[in-house]
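Undergrad: Sharing a model prediction with you, sequence too.
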Amino acid sequence: MPRASCSLCVLAGRDDLVRAAAHRPDLAARYERLEREVSHRIRDDMSMADIIAMAADPTRVAKASAQRIAHWRCPTWPPDAPTAVAA
């Protein structure tokens, strides 16, 4: 994930939250219980229950991961990576 914060951060994007819930289902379940207790959603546009439902779909998680990888791919990172040589 591109963020260096809590994995289920309120500022994270939808795809990041879906991947985090897929990788940390126990934590996502705790967040869902807390949402019910305080009657407040993690984000205005979706609840943790919505995120968990999306994370239960392997196709959705794979798509979210692929989009994030493509978005953050950088030709100069990591710095020690071999560079492509023109033929």
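TA: Great, that's in hand. Keep in mind it's a predicted model, so treat the numbers as computed, not measured.

Undergrad: Confirm for me that Tyr31 is in contact with Ala49.
TA: No - assessed by C-beta atoms under 8 Å, Tyr31 is found out of contact with Ala49, at 9.7 Å. Where C-beta positions appear, they are placed from N, C-alpha and C, glycine not excepted.

Undergrad: Between the two, tell me which one has more neighbours.
TA: Counted by other C-beta atoms under 10 Å, Tyr31 and Ala49 do not tie: Tyr31 has more neighbours, with 20 against 16.

Undergrad: For the more buried one, report the pLDDT, please.
TA: According to the prediction, Tyr31 has pLDDT 95.

Undergrad: for the one 5 residues further on, same thing?
TA: What the model reports for Arg36 is a pLDDT of 95.

Undergrad: swap in Gly13?
TA: As predicted, Gly13 sits at a pLDDT of 86.

Undergrad: What segments of this protein are helices?
TA: Remark: helices assigned in the chain by DSSP state H are 14-23, 25-38, 48-55, 58-72.

Undergrad: Of those, which stretch is the most buried?
TA: Greatest average neighbour count among these goes to helix 14-23 (a mean of 21), per mean count of other C-beta atoms under 10 Å.
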